[in-house]
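[1] next input, structure requested:
(chains A and B)
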Protein chains: 2
Amino acid sequence: MNLNVEKILIIGLGMIGSSIALASKSKGIKVFGFDKSNSSMKKALEKNIIDSKVESIEDINSKDFVKKVDLLIVAVPPKQTLDVLNDLKDIWNTDVTITDTSSVKNHIKLNDASNIVLSHPIAGSDRSGISAANGDLFKNKKNVLCDPFNSKKGHFEKVDNFWKNALQMRTSLMSVTEHDLVFAMTSHLPHLVSYALIDSIRLSNHDVDDNAGGGLKEFLRLSGSNSEMWRDIFILNRVDLIKALAGMQVSLNNLLELITETKQIPDVFSHLELLNKELDEIKSFKEDKF
Amino acid sequence: MNLNVEKILIIGLGMIGSSIALASKSKGIKVFGFDKSNSSMKKALEKNIIDSKVESIEDINSKDFVKKVDLLIVAVPPKQTLDVLNDLKDIWNTDVTITDTSSVKNHIKLNDASNIVLSHPIAGSDRSGISAANGDLFKNKKNVLCDPFNSKKGHFEKVDNFWKNALQMRTSLMSVTEHDLVFAMTSHLPHLVSYALIDSIRLSNHDVDDNAGGGLKEFLRLSGSNSEMWRDIFILNRVDLIKALAGMQVSLNNLLELITETKQIPDVFSHLELLNKELDEIKSFKEDKF
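    Model prediction:
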């Protein structure tokens, strides 16, 4: 382990920001924190989640302050990420490295910000807020980096090294376009579908009681996270979300046509056999791939 | 604990049947087993999952044999459940109690079978077969009973008592109609959607690599169980499955119209606010209900 940051500032002390803070402190990194909620900052200090607080975004957005830290992490919901990065215009292209934690990237359009590298640390929880801080949340998990602003030499390495060595994550590099489509398929659509399924049970007249053992359980976890964050994700990534949904509908219709025996198939096959083959192929793909 | 069965026979020694066998043996119940696969029966004996084997369905279907056991559990895939129950016609209306483990019930239509009570022990696993036997699989889980054949006094109580005291499960009673619709919503549709989602990723040209941490993981578990069992469930419960899907599509379309700002709403509201409110309401429902 070879840490290349000594002091960091985390903007946003929710579940993600405060979990990063805890993990960083455990590695001996000095952690400054800022949150627009004074009570969150107070709690973070009391619980020793951060070492020091910063009073305002204006204080951060000064060339004097940023000399004090090596890395600045913006850990706010996806939509606010762009706003906060824009608020920090005075420290773009300085020596401090800036990164984020947003699960959507296409809306983060900045001109001439060569010290900004984007990060997406992947960890799910149905809890939110500082009380859900967990220093092990990201351990051994994946972090996908994007470098859409062609960061100057050193910044990408600093961010990559931080996630690997301070947070013990695996990292990979993706384009913003690929990132947003892949996560529409693997994360945003599964969440949207889970919300829809739970909503349909809510609207039905059937008391599902405690009969949630056979599959619903998994959907329940996904439909319970921070609503503001998921609203942002669904809206900001709606184009890719709808592409992913279109793909899922094709597969769903294929299965439904086999189930209802309405698919046009050659006489030598039976719907039953084809459905079994299809389910087996999906299962094998899953086992080979994941 | 007051066990009212001493000897049982389990037909079908897959993951479900052999898990029931292990749990029963741990309570001192003598377990006979039958499986159409000789190698499964051999394995079950070798691994001490059952105490004795029975050679054939014909041997079971005799008034002599059934005097040896108190309860007979048919633990085969849903479609075969009906076939096996029909094969046992000679022992309908005898003193032995017969039950099953099928997750779909509407196809089990029998006339004059007053010793048959239906059971649905609810536990999920993405493993199958005798090697996945787990004596704790059903502990503290739910078992939904149906009594469509108006079983004669004593049979229902015996089945109910067995699941509660030998397997340590909670039980409840439902009509077949209600059972199949509730499980279409809570289990069959979640599984179908999971298969469709994984299939759409398989068919896409995008390498999702190891980026499955943010939601896909839950879907992966659901799309990996025994294909034959799920083929049967989807086909046998297709009417309720499509009702459940129709409900989910209504909810999905509502969310999509808010996300894409195409929903007709009064001027005083914004799509953003309404989407947030909707997600919050789903979250609250989930938290209150489950």
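
[2] pull the distance from stretch A:83-97 to the chain's centre.
    21 Å (Cα atoms, centre = their mean, to the nearest Å).

[3] let me see the mean pLDDT of that stretch.
    Per-residue pLDDT over stretch A:83-97 has a mean of 96.

[4] spatially central residue for chain A, please.
    Centroid-nearest residue in chain A, with Cα atoms, centre = their mean: residue A:103, separated by 3.5 Å.

[5] just confirm that residue is within a strand.
    No. Counting by DSSP: H, G, I helix; E, B strand; the rest coil, residue A:103 falls outside a strand, being coil.

[6] identify the residues contacting it.
    With contact set as Cβ atoms under 8 Å, 6 or more residues apart in numbering or on different chains, residue A:103 has these partners: A:78, A:120, A:183, A:187-188, A:229, A:233, B:214. The way it works is simple: take the backbone N, C-alpha and C, and place the C-beta from them, glycine included.

[7] same for the helix or strand harbouring residue A:233, what does it pack against?
    Assessed by DSSP states H and E, residue A:233 sits inside helix A:227-236. If you count contacts as 3 or more Cβ pairs under 8 Å, 6 or more residues apart in numbering or on different chains; DSSP states H and E, helix A:227-236 packs onto helix A:78-87, helix A:189-203, helix B:238-259, helix B:271-289.

[8] and those helices, which is most packed in?
    Most buried of the helices and strands packed on helix A:227-236 by mean neighbour count (mean count of other Cβ atoms under 10 Å in any protein chain shown) is helix A:189-203; its value is a mean of 24.

[9] residues touching the residue of the stretch 1-150 of chain A found nearest chain B, list them.
    Chain B sits closest to residue A:122 of the stretch 1-150 of chain A, with a gap of 4.1 Å, by Cβ to the nearest Cβ. Residues in contact with residue A:122, defined by Cβ under 8 Å, 6+ apart, are A:141-144, A:187, B:211, B:213-214.

[10] phi first, then psi, for it.
    When read as degrees, to the nearest 10, the backbone of residue A:122 gives phi -100, psi 110.

[11] quick check: closest non-adjacent residue to it.
    Distances taken as Cβ to Cβ, 6 or more residues apart in numbering or on different chains place residue B:213 nearest to residue A:122, at 4.1 Å, with adjacent residues excluded.

[12] hang on, the one you found in a strand?
    No. Applying three-state DSSP, one finds residue B:213 to be coil, outside a strand.

[13] so who does it touch?
    So residue B:213 contacts A:122-124, A:141-142, A:187 (Cβ under 8 Å, 6+ apart).

[14] and residue A:151, by the same measure?
    A:97, A:114-117.

[15] just the buried residues of those residues.
    Neighbour-count burial (16 or more other Cβ atoms under 10 Å in any protein chain shown) is assigned, among the contacts of residue A:151, to A:97, A:115-117.

[16] narrow the residues you listed to those in strands?
    residue A:97 (DSSP state E).

[17] residue A:48: how many residues sit nearby?
    If you count neighbours by other Cβ atoms under 10 Å in any protein chain shown, residue A:48 ends up with 11.

[18] brain fart, residue A:51
    So residue A:51, with other Cβ under 10 Å, has 16 neighbours.

[19] equivalent analysis for residue A:260, please.
    15.

[20] can I assume it is in contact with residue B:238?
    Yes. At 6.1 Å, residue A:260 counts as touching residue B:238 under the criterion of Cβ atoms under 8 Å.

[21] coming back round to it: what is the nearest of the contacts of residue A:103 to residue B:50?
    Taking Cβ to Cβ as the measure, residue B:50 lies nearest residue B:214 of the contacts of residue A:103, at 43.0 Å.

[22] state the pLDDT value of residue A:219.
    We have a pLDDT of 88 for residue A:219.

[23] name the element it belongs to?
    helix A:216-222.

[24] dump that helix to PDB, keeping only the CA atoms.
    Output of helix A:216-222 as PDB, limited to C-alpha atoms (Å, rounded to 0.1, in the frame of the first residue of the first chain):
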ATOM      1  CA  LEU A 216     -40.000 -10.300  -3.700                       C
ATOM      2  CA  LYS A 217     -37.300  -9.900  -1.000                       C
ATOM      3  CA  GLU A 218     -34.700  -9.000  -3.500                       C
ATOM      4  CA  PHE A 219     -36.900  -6.400  -5.100                       C
ATOM      5  CA  LEU A 220     -37.700  -4.900  -1.700                       C
ATOM      6  CA  ARG A 221     -34.100  -4.100  -1.100                       C
ATOM      7  CA  LEU A 222     -33.800  -2.300  -4.400                       C
END
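
[25] helices or strands up against that helix?
    Using 3+ Cβ pairs under 8 Å, 6+ apart: helix A:216-222 touches helix A:189-203, helix B:189-203, helix B:216-222.

[26] what does the last one rub up against?
    Spelled out, that is helix B:216-222. So helix B:216-222 is contacted by A:124, A:185-187, A:190, A:215, A:218-219, A:221-222, A:286, A:290, B:124, B:126, B:190-191, B:193-195, B:197-198, B:201, B:208, B:212 (Cβ under 8 Å, 6+ apart).

[27] pLDDT score assigned to the residue nearest to the centre of chain A?
    pLDDT at residue A:103 comes out at 94.

[28] least confident pick among the contacts of residue B:213?
    Comparing those by pLDDT, residue A:124 comes last, at 69.

[29] and the contacts of stretch A:275-284?
    Contacts for stretch A:275-284 (Cβ under 8 Å, 6+ apart): A:254-255, A:258-259, B:195, B:198-199, B:202, B:223-225, B:227-228, B:230-231, B:234-235.

[30] now swap in stretch A:240-252 and tell me
    Under Cβ under 8 Å, 6+ apart, the answer for stretch A:240-252 is A:106, A:180-181, A:183-185, A:188-189, A:192-193, A:234, B:192-193, B:195-197, B:199-201, B:203-204, B:256, B:259-260.

[31] what about 7 Å?
    Applying Cβ atoms under 7 Å, 6 or more residues apart in numbering or on different chains, the contact partners of stretch A:240-252 are A:180-181, A:184-185, A:188-189, A:192, A:234, B:196-197, B:199-200, B:203-204.

[32] redo these as a markdown table? Include pLDDT and distance to residue A:47.
    Formatted as a markdown table, these follow (pLDDT from 0 to 100; distance: Cβ to Cβ, whole Å):
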| residue | pLDDT | distance to residue A:47 |
| --- | --- | --- |
| A:180 | 97 | 34 |
| A:181 | 96 | 38 |
| A:184 | 96 | 35 |
| A:185 | 96 | 37 |
| A:188 | 96 | 32 |
| A:189 | 96 | 36 |
| A:192 | 96 | 34 |
| A:234 | 97 | 32 |
| B:196 | 96 | 43 |
| B:197 | 95 | 39 |
| B:199 | 95 | 45 |
| B:200 | 95 | 43 |
| B:203 | 94 | 47 |
| B:204 | 92 | 43 |
